[in-house]
Structures are given as structure tokens and as C-alpha cells.
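No sequence on hand, only this structure:
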């Protein structure tokens, strides 16, 4: 049996997931990457063809778990699963298409992939299941209702799976990674405060996974912000002008 560690990253064609994949390449991991954009997958594979296996996958499609299983077979197993796939945008107008598309990816697609990964680890003696959620799940954000609500769903779902794993006495480590504002395609301008680079956030994510942390807010500035957010009573929160 090989001693090389194996990670599957869903949503590695751009942004944070792509940077995380590059860090694991440098660390010598065997990597399976999945995403919707085939050309981006091919570009990443070309950088380290001996380490990387790829597959085209859309978390909103019902066949995504089968595609994940195929990728795991190509890699030769899975020690760590990282879900980096997500969408989000401000939607003060409550455009139904935007709201529902966010729900499809961040809740339906999220659940589809996380349950598939949990099932694999249950059958194969354990592993680490990590997801990239957001600090947006801390409170309901009026400028982005569907995004903040779906991120809260993700936080709670991973919390529930952590308890379930303990109930079933399974050696499955659950890691919920909650970045603050990151300069990616999700945030298309520089008006957000304390923007972090994808490269910086990726380094923090790899460290959190390596330490098997239960949850990690990235970075310390946002950890302080979240601490105070939680203390704000609802009647005050609803009056705050939180926007970009």
C-alpha cells in the first residue's frame, strides 16, 4: 500500500480551490481535482501529470457522486476530501434565479457531495472531510440573503455530521473552514473590507487541514469580527448598514 497521501478537491478550477491544489502538489500529495471547466482541469493536470487526476464534475448534477467515485478510483483512494465548490453574490433585488441557483449549488450540491464523501469514509475506515464555507453563515446578511443562509446551512450540516460520526464511532474528522472576504470571482470588486488573497487563504486552509481542526476562521481579523458579530442582539443587527 502506498504511503503517499491522497486528497480529492471539488471546485479546483479557479480561486481558492485551485491555489490549495497547487500547494498539495508542492507537498507531493496524490491529487484528484474536479470542476466544471474542462480547460482549467487540463491546465492543472499538465503542471503535474504524475500527481494529478482530473474529472469534469458539476455538483448540481445528479451524477456527481458517481463522477466522484470514478475520480477516487483514478487516484487510488481518498484520505482527505475538500469541497471548495460554491457560488454567491449580492442580490438586494432578490432575483429568484440568483437565489435559487445559490441554493442549488450551496445546499443541494453541497449535500450531494458531502454525503457521498462521508459514505466513502464510512466504508473505507475513516478519513478527513473538509469544506470551505464562510463567515457569512454567522449572521443573515441583507445584501446576500441566499448566500449567507446557505453558508449557515453548511456550518450546521458539518456540525451534525461531526456528531453523527461520534454516534457511529467512526474515525471521520470533520473540518469546517470559514474564510472572510477573499479576492476571487465571487467578489468582483475591491470595495469589500479586509480582502485577502487566494494564495494567503490557501496556505491557511492547508494548515488547518493538516492540524485536523474542527473549524477554522480565516484569518485572525475575521475571527475577532465573528466573535463580536455573535454578540450583537437581533434588534440591533437588523438596523446595521452592512454592505460593500
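Looks like it arrived, so ask away. As the structure is a computational prediction, the values presented were derived from the model and not from experiment. Numbering: from 1, shown residues only.

where in the chain is pLDDT low?
1-2, 184-193, 241-244 (pLDDT under 70).

Sketch out the helices for it, chain order is fine.
Here the chain has its helices, by DSSP state H, at 15-26, 38-47, 64-75, 96-103, 110-123, 145-167, 198-210, 220-231, 234-237.

With mean neighbour count and distance to residue 56 as extra columns, can I get these in JSON lines?
Yep, even glycine has a C-beta here, placed from its N, CA and C like the rest. Converted to JSON lines, the helices of the chain look like this (neighbours: other CB atoms under 10 Å; distance: least, CB to CB, whole Å):
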{"stretch": "helix 15-26", "mean neighbour count": "21", "distance to residue 56": "15"}
{"stretch": "helix 38-47", "mean neighbour count": "14", "distance to residue 56": "5"}
{"stretch": "helix 64-75", "mean neighbour count": "18", "distance to residue 56": "8"}
{"stretch": "helix 96-103", "mean neighbour count": "16", "distance to residue 56": "19"}
{"stretch": "helix 110-123", "mean neighbour count": "18", "distance to residue 56": "14"}
{"stretch": "helix 145-167", "mean neighbour count": "18", "distance to residue 56": "23"}
{"stretch": "helix 198-210", "mean neighbour count": "18", "distance to residue 56": "22"}
{"stretch": "helix 220-231", "mean neighbour count": "12", "distance to residue 56": "33"}
{"stretch": "helix 234-237", "mean neighbour count": "10", "distance to residue 56": "41"}
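
Arrange those helices in JSON lines, one row each, with distance to residue 81 as further columns.
Below are the helices of the chain laid out as JSON lines (distance: least, CB to CB, whole Å):
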{"stretch": "helix 15-26", "distance to residue 81": "12"}
{"stretch": "helix 38-47", "distance to residue 81": "18"}
{"stretch": "helix 64-75", "distance to residue 81": "9"}
{"stretch": "helix 96-103", "distance to residue 81": "22"}
{"stretch": "helix 110-123", "distance to residue 81": "4"}
{"stretch": "helix 145-167", "distance to residue 81": "12"}
{"stretch": "helix 198-210", "distance to residue 81": "10"}
{"stretch": "helix 220-231", "distance to residue 81": "24"}
{"stretch": "helix 234-237", "distance to residue 81": "34"}
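
what angle separates the longest strand along the chain from helix 198-210?
Longest strand in the chain by number of residues, with DSSP state E as the criterion: strand 172-179. Angle between the axes of strand 172-179 and helix 198-210 is 160 degrees (criterion: axes from the mean of the first three to the mean of the last three CA atoms, to 10 degrees).
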